[in-house]
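In: Take this sequence and fold it.
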Amino acid sequence: MSNGTGIESYLIWNELNIPISLLSSQSCIHDPLLVITETHRTVLNQILRQTQTPLSDGPFSVLVDHMKLLDFDVKNRYFRAELQKLDEGEFSHNL
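Out: Just a heads-up that it's a prediction; the model follows:
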């Protein structure tokens, strides 16, 4: 009886055209979100560039836990927004 690891699962995932980069890490194979986002990474980053909603507040907030999937400019915008939130909170305490 197979537990879903090894050559059997590799062959199943390979038939689904899963990127080889995900197949090398056993922890990533079982997360459907990572499979979908890795497959559609370019489109996802284009959507995030065009949206005005902050990454941490919008429907893509789950990606904050998977920063390796995001392009540099998307990460940069996210971290700048988070720093701005911290600055605004600090200034409100000084008033």
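
In: Report pLDDT for P54.
Out: As predicted, P54 sits at a pLDDT of 89.

In: before we move on, what about A81?
Out: 92.

In: which residues touch it?
Out: P54, L55, S56 (Cβ atoms under 8 Å, 6 or more residues apart in numbering). In this view, the C-beta of every residue, glycine as well, is placed from N, C-alpha and C.

In: What are the buried residues along the helix or strand it falls within?
Out: Using DSSP states H and E, the element containing A81 is helix 72-94. Within helix 72-94, the residues that count as buried by 16 or more other Cβ atoms under 10 Å are V74, K75, Y78.

In: Save these as a markdown table, and put in distance to K85 and pLDDT too.
Out: Shown next, in a markdown table, are the buried residues of helix 72-94 (distance: Cβ to Cβ, whole Å; pLDDT from 0 to 100):
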| residue | distance to K85 | pLDDT |
| --- | --- | --- |
| V74 | 17 | 96 |
| K75 | 16 | 95 |
| Y78 | 11 | 95 |
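
In: can I see the domain layout of this protein?
Out: Using automatic domain parsing, the domain ranges for the chain come out as 1-39, 52-95.

In: weakest of those domains in terms of mean pLDDT?
Out: For those, where the average pLDDT is lowest is domain 1-39, sitting at a mean of 58.

In: Nothing else from me, thank you.
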